[in-house]
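> sequence unknown, structure follows:
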């Protein structure tokens, strides 16, 4: 069968690649085309264009780059019409993919949404778009199926969280970073341009307050020009090595996003940070329907890690929380999360459901 797959962010690119590898095991005739990054490319996906053309975050940034976004959308539409895939798989990235779902369904294509958008947290009304335009929803958070059931959508399935599949096997994995024996404090400023610009300067100032600790910034090489700061002696940047950095971290300061869950699955104590523009924050605050922004807290359904958002994300407040983490001996830091997260096998489960859905309809 022919598959068209769309991922708009680094984490989606990784999970899409793992899904592709599982589909290939079940469908030896599978051919893939799509939008994504280097992980998908390595998994034999014919890439139309890369993540660098999709890295827009926030309301103002989207409006400012609307022409580019529309060009991307039109290019994808034309590619789909030419390619005529049996199924279109959308990976997270709801701003682009929900719009794409409507177009695809209107043109008669079968649509699967893997890593369902967090509409339970932002603009719940968008569930109607999914009900009308998506044939199969594959959820990665245990409470999401109940949300869709409440809205009378019956083809949503919990498959597990894909981070458990790329789980670097917490028991067995070996770090490829230099000085593996050295325990560091990890600084994860996110993978989007706006996150890096807002958080890296703050992280550097925090590190200056700990001259006897070694800090490692998890950098994204395709955005290397955004890290052009003078670093203190106790701060280094390592590129595209988030997993390896977390393997030797005794604590972490993490931008809200998938990395918060990755950090938790490594059992690394963390404080979560998030800063955006004033406009984005004001709009987002009014749309949000949840008490937390980090995945560990959302899954645990209670505060298990501290979140420092917008005006609370200061050098002083980060230091206060980091001091607590460095002095804790709690080995069950994420116990409430581990009880709810589920088991490995998300990619395999998703692949089976996608193939079954395509075969029977």
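Perfect, I can see it now. Bear in mind the structure is a predicted one, so any value in this text is a computation, not a measurement. Residues are numbered from 1 along each chain as shown.

> surely residue 31 and residue 5 touch.
No. When contacts are counted by Cβ atoms under 8 Å, residue 31 is not listed as touching residue 5 (11.2 Å). For every residue, glycine as well, the C-beta is placed using N, CA and C.

> the more surrounded of the two?
The residue with more neighbours, out of residue 31 and residue 5, is residue 5; 28 against 16, by other Cβ atoms under 10 Å.

> tell me the spacing between that one and residue 109.
Per Cβ to Cβ, to the nearest Å, residue 5 is found 13 Å from residue 109.

> now stretch 261-280: buried residues?
When burial is assessed from 16 or more other Cβ atoms under 10 Å, stretch 261-280 yields the following buried residues: 261-266, 268-276, 280.

> how about the strands in the stretch 151-300 of the chain?
Along the stretch 151-300 of the chain, the stretches classed as strands by DSSP state E, counting those that start in this stretch are 156-158, 184-188, 215-219, 235-239, 249-255, 270-274.

> now the stretch 251-361 of the chain, which segments are flagged as low pLDDT?
The model of the stretch 251-361 of the chain has pLDDT under 70 over residues 277-290, 329-331, 359-361.

> mind listing the helices for it?
Assigned by DSSP state H, counting those that start in this stretch, the helices in the stretch 251-361 of the chain fall at 258-265, 278-287, 295-300, 315-326, 335-338, 346-360.

> distance from the fifth one to the middle of the chain?
When you say that, I think you mean helix 335-338. Centroid separation between helix 335-338 and its chain, computed with Cα atoms, centre = their mean, to the nearest Å, is 20 Å.

> also the last one?
Averaging C-alpha coordinates over helix 346-360 and over its chain gives two centres that are 21 Å apart (Cα atoms, centre = their mean).

> please apply the same query to stretch 296-311.
A distance of 16 Å separates the centroid of the chain from that of stretch 296-311, by Cα atoms, centre = their mean.

> thinking again about what came up before, residues shared between the contacts of residue 5 and residue 109?
The contact sets of residue 5 and residue 109 overlap at residue 88 (Cβ atoms under 8 Å, 6 or more residues apart in numbering).

> just the strands of the stretch 151-300 of the chain: most buried one?
Among the strands of the stretch 151-300 of the chain, strand 270-274 has the highest mean neighbour count (mean count of other Cβ atoms under 10 Å), at a mean of 27.

> ok, back up a step: with distance to residue 234 added, can I get the helices of the stretch 251-361 of the chain in a markdown table?
What follows is the helices of the stretch 251-361 of the chain, written out as a markdown table (distance: least, Cβ to Cβ, whole Å):
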| stretch | distance to residue 234 |
| --- | --- |
| helix 258-265 | 21 |
| helix 278-287 | 31 |
| helix 295-300 | 27 |
| helix 315-326 | 14 |
| helix 335-338 | 30 |
| helix 346-360 | 38 |
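
> so which of these is nearest residue 120?
helix 295-300 (9.4 Å; Cβ to Cβ).

> show me the contact partners of the closest one.
Contacts to helix 295-300, defined as Cβ under 8 Å, 6+ apart, come from residues 121, 141-143, 258, 260-261, 264, 290-292, 303-305, 307, 334, 336-337, 340-341.

> before we move on, the earlier item: figure out which of the strands of the stretch 151-300 of the chain is closest to residue 128.
Nearest to residue 128, of these and by Cβ to Cβ, is strand 156-158 at 14.1 Å.

> re earlier: and of the buried residues of stretch 261-280, the nearest to residue 88?
For the buried residues of stretch 261-280, the nearest to residue 88 is residue 261 (26.3 Å; Cβ to Cβ).
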